[in-house]
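Colleague: Provided below are the primary sequence and the corresponding predicted coordinates.
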Amino acid sequence: MIRFDSIPLPAGTDTVIVNGSKVAVTGQSYYKADYQVLIDSYELFAGETPVRHGFRVQLYNDPITLDTTFAVDIPSDPPPTFEVIRFVALNPKYNGYATPNDYVIEFYNTIVDTSVVDTVGSGASNIIPARPVNFKVKNVTKDQYVDFAYLRTGTLSYTYSIWFKEYLQGQYVRTWRVNIRYRSLSDLETAGTFNIYTLKPFNQNDSFFFTMQGARIDDELAKEQLDKIKVVPNPYVVTHQGEQRLLSTQTSGRGEREIRFTYVPPGSKISIFTVRGELVRTLYSENLYVGDVYWNLRSEENIDVAFGIYVFVLDAPNIGTKIGKFALIK
């Protein structure tokens, strides 16, 4: 809806939505837009970034999620299944954190590292001891090897659970958990790698470069649409229901009278004449984004014009000329 435009309201309407906000219209048969919703001057569509030259850059940050297209390079046939989840414990206070990092588990045929002790609850049965292991866990994003807890469970088949322990904002916490499941009592891999990828949100280190084509007028299309140029309302009858209401401080008189010319190309000149050819007022359109030009029904000398028939000549450079008539009626 265009600023100062008016729309009829169905009977009984008590509220309209303007830019997502409710506006009370109880007892009104018309609503006149007091809000500028066009992109050139309205800066509150969504988010906090300002409009510049008719454009807004709005970044919608995604949550940290796993990319399920894991890269597995191991010799086992058939291979085990891999499950990667955020570490979750029965007591939520022991839960891990989803971190926006990529990881790789490197398998070897000899002991190369030792897991760390971890406690996931109360009681001796919840203490996970340190164990020598034949793998390492590397945080690829930070290019450093990380600590991990390690547990093997199962009687008919084995599940190897590895959960990472890292420093996050100065705290030593659990992050991701990897479950490697075999169909039998198989030993853990002795060669190869398992790569874990995450889909990451934007952060302060990200930068983006892009180019855009600025707003412009298509002269050929504008030539084809000259007939869209109208005077609204036409005829103008004494006082129009869409006109601005009196201010609360006013007890008599009327609001500002006005008509508008629609679909006016920027750079146009509108000359308004009486039917006898006397020039009454000259208006100009300079706004690339607003196609409406308003006239307060006053002459160049700021005198209210008489009722009657008027002729307008709209001259749009490189586009063409539009001539029309409108009436002001008592």
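Modeller: That came through fine.
Colleague: so who does the spatially closest residue to Asn234 that is not a sequence neighbour touch?
Modeller: With sequence-adjacent residues excluded and distances taken as Cβ to Cβ, 6 or more residues apart in numbering, Asn234 is closest to Phe326, at 4.4 Å. Bear in mind the C-beta positions are built from the backbone N, C-alpha and C, glycine included. By Cβ atoms under 8 Å, 6 or more residues apart in numbering, the residues touching Phe326 are Val231, Asn234, Pro235, Tyr236, Ile259, Ile309, Tyr310, Phe312.
Colleague: residue ranges with poor pLDDT in the stretch 151-300 of the chain?
Modeller: Along the stretch 151-300 of the chain, segments meeting pLDDT under 70 span 214, 239-256.
Colleague: quick check: which element contains the residue nearest the centre of the chain?
Modeller: Ranked by distance to the mean C-alpha position of the chain (Cα atoms, centre = their mean), the top residue is Gln58 at 4.8 Å. Using DSSP states H and E, Gln58 falls within no helix or strand.
Colleague: distance of it from Trp176?
Modeller: To Trp176, Gln58 is 30 Å away according to Cβ to Cβ, to the nearest Å.
Colleague: just to be sure, Thr13 is in a strand?
Modeller: No. Under DSSP: H, G, I helix; E, B strand; the rest coil, Thr13 sits outside any strand and is assigned coil.
Colleague: let me see the contact set for it.
Modeller: Val25, Gln28.
Colleague: tell me where the stretch 201-330 of the chain has strands.
Modeller: In the stretch 201-330 of the chain, the strands defined using DSSP state E, counting those that start in this stretch lie at 231-232, 236-237, 259-261, 269-274, 279-284, 293-295, 308-316, 320-329.
Colleague: any chance of these in CSV, plus distance to Asn139?
Modeller: Shown next, in CSV, are these (distance: least, Cβ to Cβ, whole Å):
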stretch, distance to Asn139
strand 231-232, 64
strand 236-237, 72
strand 259-261, 62
strand 269-274, 66
strand 279-284, 63
strand 293-295, 62
strand 308-316, 62
strand 320-329, 66
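Colleague: out of these, nearest to Val51?
Modeller: For the strands of the stretch 201-330 of the chain, the distance to Val51 is smallest for strand 293-295, at 22.0 Å, taking Cβ to Cβ.
Colleague: buried residues, that closest one. List them.
Modeller: Neighbour counts over strand 293-295 (16 or more other Cβ atoms under 10 Å) mark Val293, Trp295 as buried.
Colleague: who does it pair up with?
Modeller: With DSSP bridges as the test, strand 293-295 is paired with strand 259-261 (antiparallel).
Colleague: okay, domains of the chain per the record?
Modeller: The record's domain parsing of the chain by automatic domain parsing lists 1-59, 65-199, 216-330.
Colleague: first-to-last residue distance for the second one?
Modeller: Okay, so that is domain 65-199. End-to-end span of domain 65-199 (Cα to Cα, to the nearest Å): 5 Å.
Colleague: straight-line length of stretch 263-279, end to end?
Modeller: Start-to-end, stretch 263-279 (Cα to Cα) is 22 Å.
Colleague: return the distance of it from the chain's centre.
Modeller: Distance of stretch 263-279 from its chain centroid, counting by Cα atoms, centre = their mean, to the nearest Å, is 41 Å.
Colleague: for Asn139, see how far away Lys228 is.
Modeller: In terms of Cβ to Cβ, Lys228 sits 61 Å off from Asn139.
Colleague: do the same with Arg131
Modeller: Applying Cβ to Cβ to Arg131 and Asn139 gives a distance of 21 Å.
Colleague: for the two, indicate the residue with more neighbours.
Modeller: Each of Arg131 and Asn139 has its neighbours counted (other Cβ atoms under 10 Å); Asn139 has more, 18 against 15.
Colleague: that older thread, from Phe202, how far out is the residue nearest to the centre of the chain?
Modeller: Counting by Cβ to Cβ, the gap from Gln58 to Phe202 is 12 Å.
Colleague: same check on Asn195?
Modeller: Going from Asn195 to Phe202 by Cβ to Cβ gives 23 Å.
Colleague: those two: which has the busier surroundings?
Modeller: Asn195 (17 against 13).
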